[in-house]
Structures are given as C-alpha cells and as structure tokens.
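> structural data only, the sequence is not supplied:
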C-alpha cells in the first residue's frame with residue numbers, strides 16, 4: 001500500500017464515519033431526547049454567541065459545554081475529540097504566526113521571535129472559539145440523524161430548495177467517498193509490486209483522473225434517475241412528538257448562556 005492508497009483509505013473512512021452516524025443518535029442520552037428543531041435552534045444560537053464573544057472566559061465555558069452535553073448524551077469524550085482534532089490543529093497552524101505578528105508588550109522570546117501579549121490572546125481566543133464551534137456542531141451531528149435534521153429544517157420553514165440541495169449534497173458525498181473507497185480497493189488488488197517512484201506517480205495521476213470521470217458520470221446518472229422519477233422533489237421526513245423534560249432543560253441551558261453573554265457585554 002503506497003502513500004496514495006493510505007491517504008485515500010484514511011480520508012474515505014473518516015469522511016464516511018463523519019457523514020454516517022447511526023449508533024450514537026439511538027442511544028438513551030440527554031441530547032438524543034431533545035426535539036431536533038429545538039436542538040438545531042439552540043446550537044445555532046450558541047454558535048452565534050461564540051462568534052460575537054471575545055471574552056476568553058466565556059469562550060472557555062462554551063467550549064466546556066459541548067463536553068458536558070456529550071457526556072450526558074453517552075458519547076465518549078475521546079470520540080468528540082477525534083472529530084474536532086484535525087480542524088483545530090489546522091486552525092492552530094494558520095493562526096499561530098499572529099502571536100508574533102501582532103504588536104504589543106512582549107511576554108516571551110523565542111530566539112529572534114517575540115511573543116506579544118496581544119498576539120497570544122488573539123490566538124487563544126481564536127482557537128477556543130473554533131474548538132467550541134466545532135464541538136457544538138459535532139454534538140449536534142452525533143446526536144441527530146440526518147432524517148430528523150431535515151425534519152427540523154422543514155418545521156423551521158427553511159426554503160424547500162435549500163433543504164433539497166442539502167439532502168442531494170449529503171447523498172452525493174456518500175456516493176463520492178464510497179466510489180473512492182471501491183476504486184482504491186480495486187487498485188490495490190491489481191498491484192503486485194511497488195515499482196519506481198515515477199511509475200507510482202503516473203499511476204496515481206491515472207487513478208485520480210479516472211475517479212473524476214467516474215464521479216461526473218455518477219452525477220449524470222443521478223440526474224437522469226431524478227428526472228425519470230418526476231424531478232428532485234423528495235418525500236418529507238415525518239416525525240411527530242411532544243416536548244419533554246429534556247427539551248425544557250436544554251431551553252433553560254440556552255437561556256442561561258444568553259443571559260451570561262448579555263451580562264458580560
């Protein structure tokens with residue numbers, strides 16, 4: 001297995017595990033019992049608070065909140081950490097130079113580089129904000145299936161076209177990564193020797209080109225199938241139920257977060 005095979009396998013597995021979450025939404029936990037529409041509105045409200053807040057203490061509280069929600073929803077903290085680790089590390093790599101570039105009093109020196117207090121605070125606020133936002137979204141996706149999520153969007157009167165585009169994109173991404181995984185398996189089954197570096201690069205280019213053509217062909221087939229069924233209008237996702245104690249507790253938690261943000265402002 002060469003570098004391309006390892007990369008394709010890792011990306012495909014991670015993407016499919018991110019898109020298809022079937023076990024955790026069925027567990028008997030706190031967030032699983034909250035109505036999907038209320039859950040969606042609450043998470044979006046907390047995301048808005050995270051975006052408009054520059055207070056590091058409040059952001060740390062927001063970052064700790066999804067951890068508590070995950071534990072109450074019977075989701076292992078390690079599972080939550082694995083889902084947000086890579087984006088947080090990528091964000092850290094992008095924003096880290098600001099600790100040196102931002103003007104301000106020096107707090108530490110690393111050879112010719114000086115870390116400013118303003119820059120360190122900026123980096124810390126940015127990373128905690130990213131961590132809180134990603135953790136909130138991950139808790140939402142880990143505790144809500146795609147069907148109930150679409151139901152919540154319909155109940156919130158989101159335009160049908162936007163919902164249809166979201167559903168089609170979701171299904172297309174699943175097909176995309178499964179096709180990529182199947183092609184990688186087929187490539188490994190036909191490879192008997194590593195060959196030279198130049199040969200591996202040539203085969204990798206051919207692999208990616210073939211994958212692009214197959215993806216375009218799959219998209220055209222999906223479009224023709226949708227037209228054959230009368231268009232892209234999908235059946236609604238039905239979910240009936242009444243609000244319970246978990247909904248009231250989550251609403252109180254949301255109100256408390258908003259009150260703390262208003263008082264801090």
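Great, that's in hand. Everything numeric in this text was worked out from a predicted model, so none of it was measured.

> least trustworthy helix or strand in this protein by mean pLDDT?
helix 3-19 (a mean of 66; mean pLDDT, DSSP states H and E).

> contacting residues for residue 243?
Contacts for residue 243 (CB atoms under 8 Å, 6 or more residues apart in numbering) come out as 35, 38. C-beta: built from backbone N, CA, C; applies to glycine.

> state the helix or strand in which it lies.
Element membership for residue 243, per DSSP states H and E: none, as it lies in no helix or strand.

> give me the distance between it and residue 250.
Taking CB to CB, to the nearest Å as the measure, residue 243 and residue 250 are separated by 10 Å.

> same question for residue 158.
Relative to residue 250, residue 158 is positioned 20 Å away (criterion: CB to CB).

> more neighbours: which of those two?
The residue with more neighbours, out of residue 158 and residue 250, is residue 250; 21 against 14, by other CB atoms under 10 Å.

> buried residues, the helix or strand the more buried one falls within. List them.
Residue 250 belongs to helix 245-264 when assigned by DSSP H and E. The neighbour-count check on helix 245-264 (16 or more other CB atoms under 10 Å) flags 246, 247, 250, 251, 253, 254, 257, 260, 261 as buried.

> looking at the residues you listed, which is nearest residue 172?
Nearest to residue 172 among these is residue 250, at 31.9 Å by CB to CB.

> which residue is the nearest non-sequential neighbour of that closest one?
residue 34 (4.8 Å; CB to CB, 6 or more residues apart in numbering).

> report pLDDT for the one you found.
Looking at residue 34, its pLDDT stands at 89.

> now swap in residue 131 and tell me
Looking at residue 131, its pLDDT reads 95.

> still on that earlier bit, might you report the residue contacts of the residue nearest to residue 250?
For residue 34, the contacting residues are 42, 143, 246, 247, 250, by CB under 8 Å, 6+ apart.
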